[in-house]
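Enquirer: show me the folded form of this:
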Amino acid sequence: MEFPFTPGSDLAGTVVAVGDSVTRFAVDDQVISVFTPDWIDGARAGDARTPSYWTLGGFYPGVLAECVVLPQDWVVRAPRTLSPAEASTLPVAGLTAWFALVERGHVRAGEVVLVEGTGGVALFGLQIAKMHGAEVIVSGSADKLD
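Expert: Numbering: from 1, shown residues only. The predicted structure follows:
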């Protein structure tokens, strides 16, 4: 890690300029970051102890800044139906829950899904499981569950 270092992985923003070779985006497009820029699809090599991938705000500089410069492959179009604040929750919390439940877990109607707590990943997990017809049990402290 090189200092000074900018943390953060979740970005939602507006394209304010593009380089000569940029073909996927134009000025004023709404975009969100990708968490692991070098990983496009499929199973990743490595494991949690020795990951073979690098993340924004981990290995690469993060996105907690007014302006960032990123390669065009490091962002995707933001959903038009979401505000920037809502869209910024997708790159990490939303995709973590989706990957766990849909890609790896293959959640189906009639299954039971246990969700721990009320944080971002848990709330996405609740919604995704319900969307797939699963029964959801949420555990956590009583004050937060209320």
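
Enquirer: can I take it that L123 is in a helix?
Expert: Yes. In this structure, L123 lies within a helix as judged by DSSP: H, G, I helix; E, B strand; the rest coil.

Enquirer: all strands of this protein, in order?
Expert: With strands called from DSSP state E, the chain shows them at 12-14, 30-33, 75-77, 112-116, 135-139.

Enquirer: what helices and strands are in contact with the fourth one?
Expert: Read that as strand 112-116. Packing partners of strand 112-116 (3 or more Cβ pairs under 8 Å, 6 or more residues apart in numbering; DSSP states H and E): helix 120-131, strand 135-139. For glycine as for every other residue, the C-beta is placed from the backbone atoms N, C-alpha and C.

Enquirer: buried ones in the longest one?
Expert: Looking back up the chat, that one is helix 120-131. V121, A122, L123, F124, G125, L126, I128, A129 (16 or more other Cβ atoms under 10 Å).

Enquirer: now stretch 5-20
Expert: Judged by neighbour count using 16+ other Cβ under 10 Å, the buried positions of stretch 5-20 are G8, S9, D10, L11, A12, G13, V15.

Enquirer: what's the answer for stretch 95-104, then?
Expert: For stretch 95-104, the buried set under the neighbour-count rule, 16+ other Cβ under 10 Å, comprises L95, A97, W98, A100, L101.

Enquirer: reformat the residues you listed as JSON lines; add distance to K144.
Expert: Putting the buried residues of stretch 95-104 into JSON lines (distance: Cβ to Cβ, whole Å) gives the following:
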{"residue": "L95", "distance to K144": "23"}
{"residue": "A97", "distance to K144": "18"}
{"residue": "W98", "distance to K144": "23"}
{"residue": "A100", "distance to K144": "21"}
{"residue": "L101", "distance to K144": "21"}
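
Enquirer: what is the lowest-pLDDT residue among those residues?
Expert: On pLDDT alone, L95 ranks lowest of the buried residues of stretch 95-104, at 91.
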